[in-house]
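Asker: sequence first, then the predicted structure:
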Amino acid sequence: MENLDKVLATVDPALPAMIAASHVDKKIDLLAEKLARTSLDAYEWLSGMCGFPFLKKFTVSKEITKILPEKLLLEYVCLPVDWEDGRQGLVFGWIPDATMKKWVKASSNVDFVYCLGQIQEIRKVINERFGVGAGSFADAEENKGLVSKIEIVQEDEDAVVIKFVNELIKQALADRATDIHFEPQKNSLQIRYRIDGALVPVSLPPNLVLYQAAIISRLKIMAKLNISEKRRPQDGRIAFRSGDTAIDIRVSTLPISYGESISLRLLNLSEAPVELEGMGLGQKQLEQIINAISRPHGIVLVTGPTGSGKSTMLNACIHKIRDPEIRIITVEDPVEYEIAGINQCQVQSDIGMTFASALRSILRQDPDVIMIGEIRDAETADIAIRASITGHMVLSTLHTNDSAGAVSRLCDMGLEPFLLASSLQLVLAQRLVRKICPHCAKKANYTPDELEYALRALRVDPSSELAHIDKVMVGSGCDRCKNGYKGRIAVHEVLVISDKIQQAIIKNAPAREIRTIALEEGMQTLQACAWEHVKQGRTSLEEIMQFADKNNMDD
């Protein structure tokens, strides 16, 4: 490593010590930062300086554990790969030191060609082959075999479980997961990530079931929950940090047949609030929303099911209108995004601080704008409506299937229609659809008849839209996405409360009648908005068809 230190010192004299103290997964990022280059460029620079071939792509040997022991592969984060001329390559995420080479030589008689590869690609293969966090259990499993029936020392088991849980959360962040679900089964522990709205099973080490109880207890300890209470649901939170990324994790436990199910909701506190212009709104929709939230009083609602991005939309609205001359107070459960200059308050039901009680206190704080995380009951709805009538702009969310349904829902809560008609300014219905991965997008091969059938199912007039058949894309699947999708984008339906709709609300008209009036006045439906995203190559026709069926869009 002496020559490597000399090479690194040419970049920054302090770099060798910094690299030595860094985890293997962070070494190349540190070098890239010092070089002011991308990680890919940093690998190529390191390869040229140290004489190690750099493989942008590699093919892993089929019988990898017959070439080198699993424990060594996991500890050194390396993989045997096919090499030219029938030789065997060994790819590392960083330059291996003399000790590594010594143990590789002692563990195999193979004359390896040592190579460099992207650490995230190596990690991906290791996780798929051995399971996420497999390295955490390597030493413990070996000790278990040596001591036969004697139990592993408790301290060692605790350390193993702590390392596994940390690795599992870090991998979830790397995979852009929003939730992690721990689900005890009869003879196993199932763990799944929710990525882009879809549940994805996590590849796990085969001996994980031995540590099931310890893993559940570790999560409860991290969330400061009562580990001896296994009969009742509990809620808690974990402050987690991975490098420079701060994560707030909301923890929920639920007793089930074979133990306790634990769900983690990952909230990235380091992410900047999404701009309203970046929410996927059409130009007309954007103007309608900005016009509504810029008024001095009234109420604006965002509706949709759980996980449809309602809180993100509300925070984007707040970010848009914030101003030193405007006093904005929010009451949320939980506070998901921290916005500078905004007074944010969190619900604490265990001490009686509900949305309704917090809202009553907020009204005595002289706010100009109030953001309520969710209207859950008649009391909160009544206070919110009266606050909007008495000179406050109120932003909130509601669980309804479409924009017109919000009016019926609030009337069902007992609100007077005339109060609702005079205060409600706009209702925004929202859903999320998966975006096509830009790295593997290709033209979809639909016939005009197939496209016409899909458009009619979406209640979109096919007469003028069939001409866009060449713009319909699909993701073919690649190493970066696996299933053809990467990320999500919102689909919107904006109901502006016009004079005619106000009269319908006062008459207590049903949601269908309000929707009909809105369509006559030019409202773009969720289906039509989704089709616009397809035309722009952002999502696929299959995605919006499944989405339409799932959310009863084609009513």
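Answerer: Yep, it's here.
Asker: what about the closest residue in space to residue 11 that isn't next to it in sequence, how many neighbours?
Answerer: The shortest distance from residue 11 to any non-neighbouring residue, by C-beta to C-beta, 6 or more residues apart in numbering, is to residue 34 (5.1 Å). In short, each C-beta sits where N, CA and C put it, glycine included. Residue 34 sits with 16 neighbouring residues when counted by other C-beta atoms under 10 Å.
Asker: OK, contacts around residue 34?
Answerer: Contacts for residue 34 (C-beta atoms under 8 Å, 6 or more residues apart in numbering) come out as 11-12, 15.
Asker: can you check residue 476 too?
Answerer: 440-442, 484.
Asker: one more time with 7 Å, if that's ok
Answerer: Residue 476 is in contact with 440, 442, 484, counting by C-beta atoms under 7 Å, 6 or more residues apart in numbering.
Asker: ok, and the most crowded of the contacts of residue 34?
Answerer: Counting neighbours by other C-beta under 10 Å, residue 15 comes out on top of those with 19 neighbours.
Asker: and that residue, how close does it get to residue 95?
Answerer: Counting by C-beta to C-beta, to the nearest Å, the gap from residue 15 to residue 95 is 13 Å.
Asker: re earlier: ok, the residue nearest to residue 11 to residue 24 distance?
Answerer: Computed with C-beta to C-beta, the distance linking residue 34 and residue 24 is 17 Å.
Asker: what about the residue lying farthest from the centre of the chain, which helix or strand?
Answerer: Note on the chain: the largest C-alpha distance from the chain mean falls to residue 109, namely 44.7 Å (C-alpha atoms, centre = their mean). Secondary-structure assignment from DSSP states H and E places residue 109 in no helical or strand segment.
Asker: quick check: the gap between it and residue 226.
Answerer: Shown here: residue 109 relative to residue 226, a distance of 55 Å by C-beta to C-beta.
Asker: part of a helix, is residue 487?
Answerer: No: assignment of residue 487 by DSSP: H, G, I helix; E, B strand; the rest coil gives strand, placing it outside any helix.
Asker: report the separation between it and residue 113.
Answerer: Separation of residue 487 from residue 113 (C-beta to C-beta) stands at 37 Å.
Asker: what is the nearest of the contacts of residue 476 to residue 392?
Answerer: In terms of C-beta to C-beta, no member of these lies closer to residue 392 than residue 484, at 45.4 Å.
Asker: got the phi and psi for residue 187?
Answerer: phi -130, psi 20 (degrees, to the nearest 10).
Asker: er, residue 325 I mean
Answerer: Here is the backbone geometry of residue 325 (degrees, to the nearest 10): phi -90, psi 0.
Asker: for residue 171, same thing?
Answerer: Dihedral angles of residue 171 (phi, psi; degrees, to the nearest 10) stand at phi -70, psi -40.
Asker: likewise for residue 461?
Answerer: For residue 461, the backbone dihedrals (degrees, to the nearest 10) come out as phi -60, psi 120.
Asker: ok, residue 251 next?
Answerer: Main-chain torsions, residue 251, degrees, to the nearest 10: phi -110, psi 130.
Asker: confirm for me that it is in contact with residue 237.
Answerer: Yes: taking C-beta atoms under 7 Å as the definition, residue 251 is a contact partner of residue 237 at 6.2 Å.
Asker: can you give me the distance of the residue lying closest to residue 204 once chain neighbours are set aside to residue 124?
Answerer: Of all residues beyond its chain neighbours, the one nearest residue 204 is residue 131 (4.2 Å), with distances taken as C-beta to C-beta, 6+ apart. Between residue 131 and residue 124 the distance, using C-beta to C-beta, works out to 12 Å.
Asker: quick one, which of those two is more surrounded?
Answerer: Remark: of residue 131 and residue 124, residue 131 carries more neighbours, 21 against 16, as counted by other C-beta under 10 Å.
Asker: out of the contacts of residue 476, flag the one nearest to residue 208.
Answerer: The closest of these, once distances to residue 208 are taken by C-beta to C-beta, is residue 484, at 29.6 Å.
Asker: isn't that closest one right next to residue 440, touching?
Answerer: Yes: counting by C-beta under 7 Å, residue 484 touches residue 440, with 6.3 Å between them.
Asker: helices of the stretch 251-400 of the chain, start to end?
Answerer: Assigned by DSSP state H, counting those that start in this stretch, the stretch 251-400 of the chain shows helices spanning 283-293, 310-321, 355-362, 378-389.
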